[in-house]
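In: Build me a model:
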Amino acid sequence: MRAEVLVVWVALTLCCALVCAREDVKENKLSRDQTRVRETRGLVEHRRQGEEGGVEMSDEPAEVVEEERTKPKKKKTAEEIEAARAKKAAVKEAKAKKQKAPKPTKKPKAPKATKKPKAPKPTKKPKTPKATKTPKSTTTVLPDTRRSSVDEEEERLLIELGWGTLIRPAVTPKGPAWEEPVEPGLDVMPGGYPDKKKVTTTEVIMYIPEDTTVPYVGPWYEEYDYADLAAKKQEEEEEIARKEKAEKAERLKKKWEEEEEERLKQISVPVEIKMCPPLGLESHRVEDDQLLASSQSHHGFTAQRGRLNMQGTDNEDDLYGGAWCAEPEENNHWFEVDARREVEFTGVITQGRNSDQLEDFVSSYFVAFSNDSRDWTTLHDGYAEWLFYGNVDKDTPVLGQFATPVVARYVRILPQSWNGSLCLRAEVLACQLPSSYRSENEVTPSDDLDFRHHNYKEMRQMMKVINEECPNITRIYNIGKSSQGLKMYAMEISDNPGEHETGEPEFRYTAGLHGNEALGRELLLLLMQFLCKEYKDENPRVRRLVEGVRIHLVPSLNPDAYELAYEMGSEMGNWALGHWTEEGYDIFQNFPDLNSILWGAEDRGWVPRIVPNHHIPFTEDVLNGSFATETKSIITWMERNSFVLGANLQGGEKLVAYPFDMQRPSASFTDSRRWRGNGEMNEETWARIQRQNEGSLRETPDDAMFRWLAMSYAHSHLTMTETYRGSCHGDDVTGGQGITNRASWDPVVGSMNDFSYLHTNCFELSVFLGCDKFPHESELPLEWENNREALLSFIEQVHRGIKGVVRDVEGSPLPNATISVDGIRHDVKTALGGDYWRLLNPGEYRVTAKVDGYTPQTRLCMVGYDSGATSCSFTLAKSNWDRIKQIMALSGKKPIRLVTKANVVRTTAATSPATTTVDSHASGQKAERLRRLRIIRLRRLRQQRLQTGLSITPATTTTTTTTTTTTAPTAIPETERTTSWYDSWFPVDSWMTENPFDSVNFDSVPTQDYPFEYTID
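Out: Residues are numbered from 1 along each chain as shown. Below you'll find the predicted structure:
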């Protein structure tokens, strides 16, 4: 019975071992090895040590075994064993699902105990699973074969099944017949190496398969807690997500801080927007065919009138309006500019209509671009189409600047709202792109000069630098102060600065009469640099100019107004900003009106005997009137220096204007026939009066010379004679020559040119340099190239004509001597050194020099075409004119009538004295009676003529007295005075028809300037 029980027990044990081994092989199909084989030697050594020491054999390391040996073993109940198995199975199932292992097949039935089960065939090599913790290893318990009793065997079986007490440590028997036990399934290896030696043993081995792991150097066994795998995985994922989220938040925070820092930097230091020069609408570099518009309201408001600062005429219906104006019935309005090539557009400047009555301007607009003029792209600001705000008045320019440059060829301004009528004047800002050819804005200057705008401080510093570089030929001085206290600096350039050399003419260039006309100012500063540099470089032309002419350059005559225009900058100041002084004066038109004095004296025939035709004087009371501080300083400067030629540089047009600048008023009928009955009036005077009635008397006596001087500048200028496009604001008024008479073009009263011609020896012209008063800095090199030759050539004209010195017989110079030229009713005077210069065109002239106390002298002087003035000096001898003046002073400076003595008949002694007395008395009475009859006849004729004149035009009358020895004064009733303000200087009977100088015999003495004294009211 015991043997049967033992056999059953052995069979059950083997079945359980085989079943467990089969399940473990199926669950570990993903591993590369089916089982891990224990090393035989290790097991043998452990069992031997166990037998010798009487301890339990175990697969655990020595330390673990020692701990288990020392610890008291607890007895497990059946419920605990089942719970442990269930838990282990659940963990294995979860692990299998986690590793996406193939599902295990159905559990095979246990093989019969009698037959030895075959080893499972090797399956396909599964993927290596992730390394996990080594599961707990189990110990192999060997049964104690020494116990032979049945009770002990039963108790051992129960203990193995977990239903009894713990199994005692088994001892392997020692002896030669003993063999090492082999675990089931080791006889057939996965690699196909069968174990030829079959081992049989009576020892019972309980084998629990263990999970296969990737072999590594350390111990292949390790405890692994499958229960916490999912939780740990989830915790690790959550930890990784939390770290990623924290890192992302940190990156976003850092990025936000950087953006905020950059934004603060942009607020504190704004981004510098690219600035470009104007394309050239105002300066007319953009031609008329490059401008196009959607429509026009009238024929005078075309797209070509839409240039910045375009000036219209007083007649609103004229061909030349003050802006481009669109047709009000149109719906789509645009103003287009063609750059003719791709450029970088950076902004537009808009302005309203130039009109005295209307306020028309665009208040908002879009901007569009195109490269083919068909497809247009409206400028965006990132959110919507960028709406630019325009003007709030008609005169002030407003800049609309783009955030980034736009490269295109065409640009359009699309007005959206406007005040009054839709009228626009504009300028476009654009930079030229790099290319193989050069544009108009890109000029390489031939001179290394400082091409930029200079304010007052920079101008003064520039002049100081030039003076330090060329101290031997330059001198800085000031001609006065402005109303705000700024000095008006001048630079003298000469071989002996600060000293007037006899025979050396003086020349002047002035600029800045209007503060907003900055081009003339910069050209004079460039001329200073050029003359200094070229003189040091031994330029022969410049050396001749410096050594032969005393040159005066005044770059700014209105420094206060220039500072105002400079602050606004180029293109941003309107047409009038900075034009006047701080006191509200236009300096160019703020000089005394000497034209009216001269023309009034000419109408009365008082020129040159009473009123001279040159150096017309005026009293100091005149300057105390409405004259600017700057004007008074300029007049003093003119009188202190004996200038021969000069020019003032202005802007707003491109031409040269010569005097007269004032248009002579038309003469009345009474004035025209006042001297008609006088036999002394020659045909030339009468012809002049007739031309005056036609309104054509505007030229000076030196009109031919002025025209030559004007042409010398205009034709030396590179572009001034290109008038095929018309003038800046209308038709060409120069006839294609670039010159015009100011009175016929734009007459003004009290101009600087007329005052200089009538009060001094200087012939002065106005040079208008261009349409743009305040050009951009980038245009200065081009303007210098256009004007350089003209500036030098005009200075050289000071040597045209005659020059000389007037001396007495002792060789002493005679200042203030009058130099007269036959056929030219304008004289000049000698300087303090007795030298003079008279500008004349080539020809033959009779020149007379005269001075008080000396006998006049006349010479024939020839002016040729060669460069340089002809020398024509005079030596005058003293005369008895001083004695004549003394006699005239005794008679009250009245004309002396020369009366011939009556013939006295000599009688003999027999002749009675009474008879002689009676005859003389009778002859005297007869002469007196004839004189009275003649006076009565003349009075009757005068009354008849007066009545005839009153019936046509009201005659101007004054109360006069006829001085005779017997008649009483005849009074004429006074009427309303309509005479000019200067008529009171020279009282003349309006009803008097004879020449008041007929009673004086001027042939009795040499023809001289009649000395007279008068005051100006």
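In: Could you find the closest non-adjacent residue to Val367?
Out: With sequence-adjacent residues excluded and distances taken as CB to CB, 6 or more residues apart in numbering, Val367 is closest to Leu379, at 4.7 Å. Backbone N, C-alpha and C define where each C-beta goes, glycine included.
In: domain ranges for this structure?
Out: 291-432, 456-591+627-664+709-799, 592-626, 805-884 (the TED database).
In: Gln947 is nearest to which of those?
Out: Comparing the domains of the chain against Gln947 with CB to CB, the closest turns out to be domain 592-626 (22.6 Å).
In: List the buried residues of the closest one.
Out: 592-616 (16 or more other CB atoms under 10 Å).
In: In space, what's closest to Arg460 - neighbours in sequence excluded?
Out: Nearest one to Arg460, counting by CB to CB, 6+ apart, is Tyr489 at 6.3 Å.
In: Just give the number of residues close to that neighbour.
Out: Neighbour count for Tyr489, taken as other CB atoms under 10 Å: 19.
In: related to what we said a few turns ago, and the residue nearest to Val367, what does it touch?
Out: The contact partners of Leu379, by CB atoms under 8 Å, 6 or more residues apart in numbering, come to Phe366, Val367, Ala368, Phe369, Glu385, Trp386, Phe402, Val406.
In: cutoff 10 Å now
Out: 345, 366-369, 385-388, 400, 402-404, 406, 411, 414 (CB atoms under 10 Å, 6 or more residues apart in numbering).
In: Can you pick out the most distant pair from those residues?
Out: Across those (CB to CB), the longest gap, 19.5 Å, separates Thr404 and Leu414.
In: Pull out the buried residues from stretch 521-540.
Out: 521-535.
In: ok, of the residues you listed, which one's closest to His333?
Out: Nearest member of these to His333, counting by CB to CB, is Glu522, at 38.2 Å.
In: and the closest residue in space to the closest one that isn't next to it in sequence, helix, strand or coil?
Out: Leaving aside its chain neighbours, Glu522 sits nearest to Leu780 (5.8 Å; criterion: CB to CB, 6+ apart). Using DSSP: H, G, I helix; E, B strand; the rest coil, the structure places Leu780 in helix.
In: I'd guessed Leu780 sits against Leu769; true?
Out: No - applying CB atoms under 10 Å as the test, Leu780 and Leu769 come out as separate, 11.5 Å apart.
In: Next, give phi and psi for Leu424.
Out: Main-chain dihedrals, Leu424, degrees, to the nearest 10: phi -150, psi 140.
In: you'd agree it is up against Trp418?
Out: Yes - counting by CB under 10 Å, Trp418 is a contact partner of Leu424 at 8.2 Å.
In: Which neighbours do these two have in common?
Out: Ala326, His333, Gly352, Asp360, Phe361, Val362, Tyr365, Gly390, Asn391.
In: In strands only, show me those.
Out: Using DSSP state E to define strands, the subset of the shared contacts of Leu424 and Trp418 located there is Phe361, Val362, Tyr365.
In: By neighbours, which of those wins?
Out: Counting by other CB under 10 Å, top hit in these: Val362 with 30 neighbours.
In: Excluding residues flanking it in the chain, which one is nearest Asp822?
Out: Arg846 (4.2 Å).
In: A strand includes the one you found, no?
Out: Yes - when three-state DSSP is applied, Arg846 is found to be in a strand.
In: separation between it and Ile819?
Out: Going from Arg846 to Ile819 by CB to CB, to the nearest Å gives 12 Å.
In: the more surrounded of these two?
Out: Ile819 (23 against 12).
In: what mean pLDDT would you report for the strand or helix carrying that one?
Out: Using DSSP states H and E, the element containing Ile819 is strand 818-821. Here strand 818-821 scores 96 as its mean pLDDT.
In: Report the backbone C-alpha coordinates of that strand in CSV.
Out: Only the C-alpha atoms of strand 818-821 are listed here, as CSV (Å, rounded to 0.1, in the frame of the first residue of the first chain):
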residue,chain,number,x,y,z
THR,A,818,31.4,162.1,-62.6
ILE,A,819,32.1,159.8,-65.6
SER,A,820,29.6,160.4,-68.4
VAL,A,821,29.2,158.4,-71.6
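In: how about the helices in the stretch 651-800 of the chain?
Out: With DSSP state H, counting those that start in this stretch as the criterion, the stretch 651-800 of the chain has helices at 669-672, 683-693, 703-714, 742-745, 752-759, 780-796.
In: so which of those helices gets nearest Glu235?
Out: Nearest to Glu235, of the helices of the stretch 651-800 of the chain and by CB to CB, is helix 780-796 at 77.3 Å.
In: what's the angle from that closest one to helix 703-714?
Out: Calculated by axes from the mean of the first three to the mean of the last three CA atoms, to 10 degrees, helix 780-796 forms an angle of 150 degrees with helix 703-714.
In: Convert the C-alpha atoms of helix 780-796 to PDB, please.
Out: Output of helix 780-796 as PDB, limited to C-alpha atoms (Å, rounded to 0.1, in the frame of the first residue of the first chain):
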ATOM      1  CA  LEU A 780      23.200 119.900 -53.900                       C
ATOM      2  CA  PRO A 781      26.000 118.200 -55.900                       C
ATOM      3  CA  LEU A 782      23.800 118.400 -59.000                       C
ATOM      4  CA  GLU A 783      23.000 122.000 -58.400                       C
ATOM      5  CA  TRP A 784      26.700 122.900 -57.900                       C
ATOM      6  CA  GLU A 785      27.600 121.300 -61.200                       C
ATOM      7  CA  ASN A 786      24.900 123.300 -62.900                       C
ATOM      8  CA  ASN A 787      25.900 126.600 -61.400                       C
ATOM      9  CA  ARG A 788      29.700 126.400 -60.900                       C
ATOM     10  CA  GLU A 789      30.700 127.700 -64.400                       C
ATOM     11  CA  ALA A 790      28.000 130.400 -64.300                       C
ATOM     12  CA  LEU A 791      29.100 131.700 -61.000                       C
ATOM     13  CA  LEU A 792      32.700 132.000 -62.200                       C
ATOM     14  CA  SER A 793      31.800 133.400 -65.600                       C
ATOM     15  CA  PHE A 794      29.600 136.100 -64.100                       C
ATOM     16  CA  ILE A 795      32.500 137.300 -61.800                       C
ATOM     17  CA  GLU A 796      34.700 137.700 -64.800                       C
END
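In: follow-up on the earlier one: settle it for me: which of Leu780 and Leu769 has more neighbours?
Out: Using other CB under 10 Å, the more surrounded residue of Leu780 and Leu769 is Leu769, with 26 against 23.
In: where does the stretch 701-850 of the chain have low pLDDT?
Out: Along the stretch 701-850 of the chain, no part satisfies pLDDT under 70.
In: quick one, phi psi at the residue nearest to Arg460?
Out: phi -80, psi 150.
In: cool, and Gln650?
Out: phi -130, psi -170.
In: Spell out the residue ranges of the helices in the stretch 201-350 of the chain.
Out: According to DSSP H, counting those that start in this stretch, the helices that the stretch 201-350 of the chain contains are 229-268.
In: what's the burial count for Gly512?
Out: When neighbours are counted by other CB under 10 Å, Gly512 comes out with 27.
In: An error on my part: the question was meant for Arg937.
Out: Applying other CB under 10 Å, I find that Arg937 has 10 neighbouring residues.
In: mind checking the SS state of it?
Out: helix.
In: What distance do you get for Gln850 to Gly801?
Out: Just so we're on the same page, residue 850 is Lys rather than Gln. 19 Å.
In: same deal with Val392?
Out: 55 Å.
In: who has more neighbours, these two?
Out: For Val392 versus Gly801, the count of surrounding residues by other CB under 10 Å is larger for Gly801: 24 against 11.
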